[in-house]
Structure formats: structure tokens, C-alpha cells
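Colleague: Got a predicted model here, sequence first, then my questions.
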Amino acid sequence: MKLLHHAFRLYVEPDGLEASVAFYEQLQGMPCERRISFPDLGVEVAVCGAFIVLAGTDKALQPFRSASALLVVDDLDATIAWARDRGAEVLHGPQDAPGGRNATVRNPDGLVAEYYQPAAA
């Protein structure tokens, strides 16, 4: 079990996406590395280094707002087992997700995070 990457999750209105992306690109001195559109959900996602910006209406973002972090791990099942043994609560998943599998977990200190394991290359 290993933590591979972590990022803050931010939520903005659709018309605020470009300004948020520009801000975090400039803050980190790096370009936005990925954009993903989920038209059926009404959500646009921009990955900018240590920040993941999700844009949509309040209604569209409601199912996602509980998580404030993304923790990318090498073994989702082992990480969930380890976290549960230490008092974490799985709120949702594990399940298939774009490019891998994920679960939403409330850590023992109250932090709600999406734990994500990328699919094998």
C-alpha cells in the first residue's frame, strides 16, 4: 500500500472554471495537465498539479462536494482495509471509475477523501 499522489478538490460554478485554472496554473508555475468532461453529469474537471477543479451547478456538484481531497493509491483494497482498521468509514464504493477504481472514505479525523487507484497501464 502506497500513496502515489494527493490533490485538493475545489468546486466552482461553470463560469468560474477558466479563472480558477489560470490561478492555479500561475500559482504552481505549470499548465493544467488534464481536462475531463462529464456532460451527462453536468460537470467539467480540470487537473492542475495539486488541485482538481470541478465545475458545475450546485445541483450537479452536490454528489461530489463531500470530498475535499483526492488520494491516489497503488492498492485501493489494501488501503481501505488499512484505513478501516484505524477507524475510517467507507461512505461509497469501492467502484469502477474513469481510468480506475475509487471509494469515498471519511478518515478517523473527519477528512472526507476520494481514494483512487488508477487502472494498470
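Modeller: Structure's in. What do you need?
Colleague: How about residues contacting stretch 90-100?
Modeller: 36, 66, 76-77, 80, 84, 101-106, 112, 116-119 (C-beta atoms under 8 Å, 6 or more residues apart in numbering). C-beta here means a position set from N, CA and C on the backbone, and glycine is covered the same way.
Colleague: Helix or strand next in line after whichever strand or helix holds residue 18, which one?
Modeller: In this assignment (DSSP states H and E), residue 18 forms part of helix 17-28. The helix or strand immediately downstream of helix 17-28 is strand 34-38, counting by DSSP H and E.
Colleague: List the neighbouring strands of that next one plus their orientation.
Modeller: Strand pairing for strand 34-38, using DSSP bridges, gives strand 43-48 (antiparallel).
Colleague: angle of the partner strand against helix 17-28?
Modeller: Counting by axes from the mean of the first three to the mean of the last three C-alpha atoms, to 10 degrees, strand 43-48 lies at 10 degrees to helix 17-28.
Colleague: Return the alpha-carbon coordinates of strand 43-48 using PDB.
Modeller: Extracted in PDB, the C-alpha atoms of strand 43-48 (Å, rounded to 0.1, in the frame of the first residue of the first chain):
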ATOM      1  CA  VAL A  43     -19.500  18.500 -14.500                       C
ATOM      2  CA  GLU A  44     -16.200  19.700 -16.000                       C
ATOM      3  CA  VAL A  45     -13.000  18.700 -14.300                       C
ATOM      4  CA  ALA A  46      -9.500  20.400 -14.600                       C
ATOM      5  CA  VAL A  47      -6.400  18.800 -13.100                       C
ATOM      6  CA  CYS A  48      -3.900  21.400 -12.200                       C
END
